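# kindly generate the corresponding structure for this input.
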Amino acid sequence: MGSSSTIIMTVAALAAINFAPDPSLATVPVTTMVIGLAVTTSVATRLIYRLGRSRGLILGTFIAIPAALLASLGVILANFYLFSLGTFLTGASGAFAQQIRFAAADSVAPDLKSRAISWVLFGGIAAGFFGPQASSITRNWIPGSQYAASFLVIVVLAVASIAILSQTRLAPTAVANAAGGGRPLSVLLRQPEIFLPMLGASVTYSLMTLLMVAAPLAMVYICGHSPDAASSAIQWHVVAMFAPSFVTGTIIRYLGSYLVTAIGLVLIIICAAIALSGISVAHFHLTLILLGLGWNFGFIGSTTMLATAYRPEEAARVQAVNEQIVFGVTAIASIGSGLLLQLVGWQAINILAIPLAAVTIALLAWGSLRRPAISVAQ
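Numbering: from 1, shown residues only. Down below sits the predicted model:
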């Protein structure tokens, strides 16, 4: 399921720039994917808790099939709006896929949550290799419509995902559906152990999106590097996002989720500093690899922090609000990425990332000091 989004991230802007009304709008299809994810998260969470996890996830995955067909048709017809609708629906499908990490966490014992989340996200390493490679290999398969065939790969991926999900057993959602159970949402959102992981995930994901969406365009159209170099850089970025998941859960068990989240944000600051030091292909590769590592630590750390902070009967509400906030902010970052690249340039975008990450690290430090007896599971 993750490979579908990496295909969009890798080639959507490169495809759209050929028929976008204005070159500055080339990142809009990536943004509409993020917007589709953001506006669907709350509905996706509620449907999953109403239909059951496996059936809800299968429904969400099915949405990717018409989405991919619309995106491919949009490229063939050079219709920017049809193409953007296809990526929007791909994002809506992705809103369901994001719930897999919570489904895993809620399906195991408390002391296994961090490892369950990590192992699920570790599956994304396949997305890092397969998505960019598939989009690059198939980009010229439909003559005269570069990248149109790349989006048809998503149809195959969706069918495979449905087959896997149909054989997957996940914890029932009956407990979380208990009417009126748990603390009111207004009370929950005032708890540092609730709002700090939401903040950490929001900043981590939005900064990753801000830099990642702008990077391929900066490489190809500002710095003069080849599309293949940009595709390779994104590929290694996505691999770096997921490869550490093999050990991230174990690291969280030893260091705690607050510290691991902060380390992720420090890595994002370092990646921004490297981006400011040069514009060679090597600089872009190292920047995007560290950005992926930072996202992995920051996002898994934040998710683990949140997954251990609510009661079972509060899960649906907390998860829905978390997804709405995280991907709403990420959508804003995606919208701003292309505009900022045109207005102020690649280096200014990296400068912006540094203070945002630093402030979040300071708040995480405050939260950690406020709770000196954090459990090993966190």
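# backbone torsions only: list them for Y147.
The phi and psi torsions at Y147 (degrees, to the nearest 10) take the values phi 80, psi 0.
# let the chain start at 42 from now.
From this message on, residue numbering opens at 42, which makes the last subject Y188.
# for it, which non-adjacent residue is spatially closest?
Spatial nearest neighbour of Y188, chain neighbours left out: A56 (3.8 Å); criterion: CB to CB, 6 or more residues apart in numbering. To be clear about C-beta, it is placed using only N, CA and C from the backbone, and glycine gets the same treatment.
# what about the one you found, is that helix, strand or coil?
Counting by DSSP: H, G, I helix; E, B strand; the rest coil, the backbone at A56 sits in helix.
# pLDDT score for it?
In this prediction, A56 carries a pLDDT score of 91.
# and the helices in the stretch 92-241 of the chain?
Ranges of helices in the stretch 92-241 of the chain, per DSSP state H, counting those that start in this stretch, are 94-117, 121-138, 141-146, 154-163, 165-178, 189-206, 226-229, 233-258.
# of the ones you listed, which approaches S286 most closely?
The closest approach between S286 and any of those, judged by CB to CB, belongs to helix 154-163 at 3.6 Å.
# distance between the closest one and the chain's centre?
Counting by CA atoms, centre = their mean, to the nearest Å, helix 154-163 is centred 15 Å from the centre of its parent chain.
# what does stretch 199-212 give?
Averaging C-alpha coordinates over stretch 199-212 and over its chain gives two centres that are 20 Å apart (CA atoms, centre = their mean).
# turn the helices of the stretch 92-241 of the chain into JSON lines, including mean pLDDT and mean neighbour count.
JSON lines is the format used below for those (pLDDT from 0 to 100; neighbours: other CB atoms under 10 Å):
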{"stretch": "helix 94-117", "mean pLDDT": "96", "mean neighbour count": "22"}
{"stretch": "helix 121-138", "mean pLDDT": "95", "mean neighbour count": "24"}
{"stretch": "helix 141-146", "mean pLDDT": "86", "mean neighbour count": "22"}
{"stretch": "helix 154-163", "mean pLDDT": "84", "mean neighbour count": "23"}
{"stretch": "helix 165-178", "mean pLDDT": "79", "mean neighbour count": "21"}
{"stretch": "helix 189-206", "mean pLDDT": "94", "mean neighbour count": "20"}
{"stretch": "helix 226-229", "mean pLDDT": "85", "mean neighbour count": "12"}
{"stretch": "helix 233-258", "mean pLDDT": "92", "mean neighbour count": "25"}
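# JSON lines for these, including distance to L329?
Shown next, in JSON lines, are the helices of the stretch 92-241 of the chain (distance: least, CB to CB, whole Å):
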{"stretch": "helix 94-117", "distance to L329": "24"}
{"stretch": "helix 121-138", "distance to L329": "20"}
{"stretch": "helix 141-146", "distance to L329": "22"}
{"stretch": "helix 154-163", "distance to L329": "18"}
{"stretch": "helix 165-178", "distance to L329": "11"}
{"stretch": "helix 189-206", "distance to L329": "20"}
{"stretch": "helix 226-229", "distance to L329": "35"}
{"stretch": "helix 233-258", "distance to L329": "6"}
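# got the contact list for A398?
244, 248, 306-307, 309-310, 313 (CB atoms under 8 Å, 6 or more residues apart in numbering).
# SS state for the residue nearest to it when sequence neighbours are not counted?
Leaving aside its chain neighbours, A398 sits nearest to L306 (4.3 Å; criterion: CB to CB, 6+ apart). The three-state label given to L306 by three-state DSSP is helix.
# how close does T349 sit to S298?
With distances taken as CB to CB, to the nearest Å, T349 is found 8 Å from S298.
# more neighbours: these two, which one.
Legend: neighbour count by other CB atoms under 10 Å for T349 and S298, higher for S298 (33 against 19).
# verify the stated contact: the more buried one with I158.
No: look at S298 against I158 with CB atoms under 8 Å: they stay out of range, at 10.1 Å.
# overlap in contacts of these two?
Counting by CB under 8 Å, 6+ apart, the shared contacts of S298 and I158 are T345.
# ok so, going back, what sits against the residue nearest to Y188?
Taking CB under 8 Å, 6+ apart as the criterion, A56 is in contact with 70, 116, 124, 187-189, 191.
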